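Undergrad: Pasted the sequence and its predicted model underneath.
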Amino acid sequence: MKLLRRTSTSMALAMLLMVVLVLSACGNATPRSADTNTASNTTSESTATTASGNELENIKSAGVLKVGLMGTYAPYNFLNANKEVDGFDADIAKEVAKRLGVKAEFTTQAFSGLIPSLQAGKFDAIISQVTITDERKQQLDFSDPYITNQVKIIVNENNNEITKLADFKDKNIGVGLGTNDETYLRTEVLPQVGNFNIKTYNDVITSLQDLNVGRIDATINNIYALQPIVEENGFKIKAVGDAIKSDQAGIAIRKDNPELLEALNKAVTDMKADGTYETIFVKWFGEKPAAE
């Protein structure tokens, strides 16, 4: 009996010792596993942060430069007969993308939505005649200018009353919504000229249709933008007077992306230096760009 009790006690102690050892091993395994996962997560987060922090590298990794533009502003950007994005801006975008070692991918929408969409990350850059202004430079970074446009007053061909900005008083003037021209009319022309009504449009064609039938008295734009639309639609309109201002457009990107900005500037500079830019310009405007 004593031997049996002693044997039972020994077996119980042995079993208890085994349980303690197993629990101890499990207890040690859990922290090691957690440490391993934490290190793995930290590495992944660090890699993700590094990747997302350099947009140029992200673009190169994706193999695509995502570009936003209107698609309704010929000859700068429009949809051709094959429903493909075409035009001066599109060719500039394709050439810039090529020099970054990627391809251009386009998203079209109304001009007024381009900057919000860029800020929301829907594309990497806007190449759509975005005029470089101090106000826009507060929320965007711009490449060096890739075009300078002369802006003139446009009226119906039967209108002989309007030849200068002072003639806008008490008239209905059309302009693109969210454009630099709208800001110019509201902040500079209105205070100087006096009251006139500003009607905004999401595309150039509709504004010219209204001008053609007399719903507005004038608009402001540049001849390069208007010529193909006028020829295609037979609008009876004309440019009058001297240029009222000149604008420079650049490639717009989100702020604080120095590597991408430097690469875009190099692409634009090299295009101009090797003659590619002039070839694109002549293709769409039928003349060489003005000397800088």
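TA: Arrived safely, thanks for sending. Residues are numbered from 1 along each chain as shown.

Undergrad: Which residue, other than its chain neighbours, is closest to residue 90?
TA: residue 77 (5.5 Å; Cβ to Cβ, 6 or more residues apart in numbering). From N, CA and C alone the C-beta is placed, and that goes for glycine too.

Undergrad: For that neighbour, name its beta-bridge partners.
TA: When assigned by DSSP bridges, residue 77 has beta-bridge partners residue 73.

Undergrad: so it touches residue 84, yeah?
TA: No. Between residue 77 and residue 84 there is no contact under Cβ atoms under 8 Å: 11.2 Å.

Undergrad: Can you name the helix or strand that residue 183 falls in?
TA: Assigned by DSSP states H and E, residue 183 belongs to helix 180-184.

Undergrad: per-residue confidence averaged over the following helix or strand past that helix?
TA: Note on helix 180-184: by DSSP H and E, the next helix or strand toward the C-terminus is helix 190-193. This predicted structure assigns helix 190-193 an average pLDDT of 96.

Undergrad: And helix 190-193, what's buried?
TA: Buried positions in helix 190-193, judged by neighbour count with 16 or more other Cβ atoms under 10 Å: 190, 193.

Undergrad: One more: stretch 184-198?
TA: Buried-residue list, stretch 184-198, by 16+ other Cβ under 10 Å: 184-185, 189-190, 193, 196.

Undergrad: cool, and stretch 232-246?
TA: By neighbour count on 16+ other Cβ under 10 Å, the buried set for stretch 232-246 is 235, 237, 239-240, 244-245.

Undergrad: which SSE is the closest residue to residue 145 other than its chain neighbours in?
TA: Leaving aside its sequence neighbours, residue 145 sits nearest to residue 248 (Cβ to Cβ, 6+ apart; 3.8 Å). Using DSSP H and E, residue 248 falls within strand 237-249.
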